[in-house]
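Enquirer: Generate a structure from the sequence data that follows.
(4 chains)
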Protein chains: 2
Amino acid sequence: MAHKQAYHHGDLRASIISAATARLELHGIEQLSLRKLAEDLGVSRTAPYHHFKDKNALLSAIAATGFENWKVTAQSIFEREDLPAKTRLTRFIHAYIHYAAQHPQLYDLMFGRTLWQHNNATEDLKAVAYPTFHYQVSMTRHWQQHGLLPADTDALRLAQVTWGTLHGIARLVIDGVYANSSHIDDMCDTAAALFMQQYRGAADPAG
Amino acid sequence: MAHKQAYHHGDLRASIISAATARLELHGIEQLSLRKLAEDLGVSRTAPYHHFKDKNALLSAIAATGFENWKVTAQSIFEREDLPAKTRLTRFIHAYIHYAAQHPQLYDLMFGRTLWQHNNATEDLKAVAYPTFHYQVSMTRHWQQHGLLPADTDALRLAQVTWGTLHGIARLVIDGVYANSSHIDDMCDTAAALFMQQYRGAADPAG
DNA sequence: ATGCAATATTGACAGTGTCAAGATAGATTT
DNA sequence: AAATCTATCTTGACACTGTCAATATTGCAT
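Expert: Residues are numbered from 1 along each chain as shown, chains lettered A, B, ... in the order given. This is a model prediction of the structure:
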């Protein structure tokens, strides 16, 4: 990949993203500085600016990779048509919170104010993120149709609320506000039970 | 309050908190700098350090006032014993999200990673915040006992999940991730319906 | 009045993101 | 092969940030 000490790094953009992701997961976003990053890569302070317009652009690129990875995981659960719908929904809930708990800094970047608050997100990031959000809605609609979630509610609103539940639990855990990470699975099961109150005791429909 | 141009400000600590809160709500936490704050108050850069150990201590103090205000609002709803329990729970949900939507920056400070992640919160703040968290649990237990929330679930876990739902919706709204603030009331009603699925159509018990 | 503690000040340091101007090297055209 | 173009990288600089150390001023208690 990278040459020894050439004037041109060779693959600086990818190297920056990878080093930044590593630093992010390890030390948190507060410690993620472009200058330190450049130093780690043996490159001048301003070199990254030839590959990213500014820090936000780099953060957006990191978040984008996170969305791509997450979508693979989500789909691999949602599309397991051999499993009962109820199992899939429960698994999805657990997977969501565990993803957040295992990549707290990345999750914060993907779903936090840093990128979304002042429209800081790059167009590239939006192009990856928005479909993920919409995917959440279509999953919700699917679960409504299979009787797992209340059917007499607008799918978009219900998706916002159920996603909000997962998001909120994830945030409470990763931000260290109140919940403890040792309670994760209990909370997931509780959330699943709350979602599927109607469904209790009924037979599990296929699909 | 403040003297004209005296060497000693007179009431600097309170002035800082008030100015900082105003700046926070107006420009966001990213723009909240101790130096600008000092300049606004006509005081040197390091003067605030005689009243707050560091920036975290100031932020903790601001958050603490937020918790005090919120607890008043929450209690004023919860203790309205003249209203049916279902109404109170619904009102509580709306009040929670509206509080967050009306004080987005303050909410972020109160319930965000800035103060809670690396144990940055002051002991003073914890002394105010933790009771608020526990209050949430006792409200949940109360609503379980009145049949509004599933009774066969551990109150602590259920509180974490229901609070998580509100927290998640609040964050999605104030962080500008997906939900739009014009959908707030719809989302609150959807959340209320999700919580009280069992309860549908049943008569509203008093208390 | 004297001394002490609270409060405020200037100076300094290390750190940040990012712009401007110039250097280098690889690719493209002539 | 030579010249030019363009992507890439560099140093220098600026305006910020939080915070420490040393110093000055003031009000209060003795």
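
Enquirer: Okay, now the unreliable bits of chain A?
Expert: Along chain A, the model assigns pLDDT under 70 to residues A:1-7, A:200-207.

Enquirer: Just list the residues touching the residue most central in space within it, thanks.
Expert: Among the residues of chain A, A:Y107 comes closest to the average C-alpha position under C-alpha atoms, centre = their mean, at 4.8 Å. Counting by C-beta atoms under 8 Å, 6 or more residues apart in numbering or on different chains, A:Y107 makes contact with A:G66, A:Y99, A:A100, A:A170, A:I174. To be clear about C-beta, it is placed using only N, CA and C from the backbone, and glycine gets the same treatment.

Enquirer: per-domain residue ranges of chain A.
Expert: In the domain annotation for chain A, the residue ranges read A:1-51, A:56-195 (automatic domain parsing).

Enquirer: measure the longest one end to end?
Expert: The distance separating the two terminal residues of domain A:56-195, taken as C-alpha to C-alpha, to the nearest Å, comes to 36 Å.

Enquirer: can you tell if that domain touches DNA strand D?
Expert: No. Taking C-beta under 7 Å from any atom of the strand as the criterion, domain A:56-195 and DNA strand D are apart, separated by no less than 13.1 Å.

Enquirer: Any residue of that domain touching DNA strand C?
Expert: Yes. On the criterion C-beta under 7 Å from any atom of the strand, domain A:56-195 is in touch with DNA strand C at A:N56.

Enquirer: re earlier: among the contacts of A:Y107, which are in helices?
Expert: Among the contacts of A:Y107, the members falling in helices (DSSP state H) are A:G66, A:Y99, A:A100, A:A170, A:I174.

Enquirer: can you pick the most crowded of the residues you listed?
Expert: Of all these, the highest neighbour tally under other C-beta atoms under 10 Å in any protein chain shown goes to A:A170, namely 27 neighbours.

Enquirer: Quick check: that one touching A:I97?
Expert: Yes. At 5.6 Å, A:A170 and A:I97 qualify as touching, with contact defined as C-beta atoms under 8 Å.

Enquirer: Quick check: of the ones in helices among the contacts of A:Y107, which lies closest to B:H118?
Expert: Distance to B:H118 across the ones in helices among the contacts of A:Y107 (C-beta to C-beta) is lowest for A:I174, with 12.3 Å.

Enquirer: Can you verify my assumption that that closest one contacts A:H98?
Expert: No. Taking C-beta under 8 Å as the contact criterion, A:I174 and A:H98 are not neighbours in contact, 11.3 Å apart.

Enquirer: any idea how far A:D185 lies from chain B?
Expert: Note on A:D185: its distance to chain B, by C-beta to the nearest C-beta, to the nearest Å, is 10 Å.

Enquirer: Excluding sequence neighbours, find me the nearest residue to that residue.
Expert: Excluding its sequence neighbours, the residue lying closest to A:D185 (C-beta to C-beta, 6 or more residues apart in numbering or on different chains) is A:H94, at 6.7 Å.

Enquirer: Using the three-state scheme, assign that neighbour.
Expert: Here A:H94 takes the helix state, with states given by DSSP: H, G, I helix; E, B strand; the rest coil.

Enquirer: what's the neighbour count on it?
Expert: The number of residues packed near A:H94 is 18, by other C-beta under 10 Å.

Enquirer: And for A:K71?
Expert: Taking other C-beta under 10 Å as the neighbour definition, A:K71 ends up with a count of 15.

Enquirer: how near is it to DNA strand D?
Expert: Distance, A:K71 to DNA strand D, by C-beta to the nearest atom of the strand, to the nearest Å: 28 Å.

Enquirer: Mind telling me what element that residue is part of?
Expert: For A:K71, the element it lies in under DSSP states H and E is helix A:55-78.

Enquirer: ok, and for stretch A:149-162, which residues are buried?
Expert: Judged by neighbour count using 16 or more other C-beta atoms under 10 Å in any protein chain shown, the buried positions of stretch A:149-162 are A:L149, A:P150, A:T153, A:A155, A:L156, A:R157, A:L158, A:A159, A:Q160, A:V161, A:T162.

Enquirer: For the fifth one, which residues are in contact?
Expert: A:L156 makes contact with A:V137, according to C-beta under 8 Å, 6+ apart.

Enquirer: and the helix or strand where A:D124 lies, anywhere near chain B?
Expert: Element membership of A:D124, judged by DSSP H and E, is helix A:123-145. Yes. Figure legend: helix A:123-145 in contact with chain B (C-beta under 8 Å from any C-beta of the partner chain); contacting residues A:F133.
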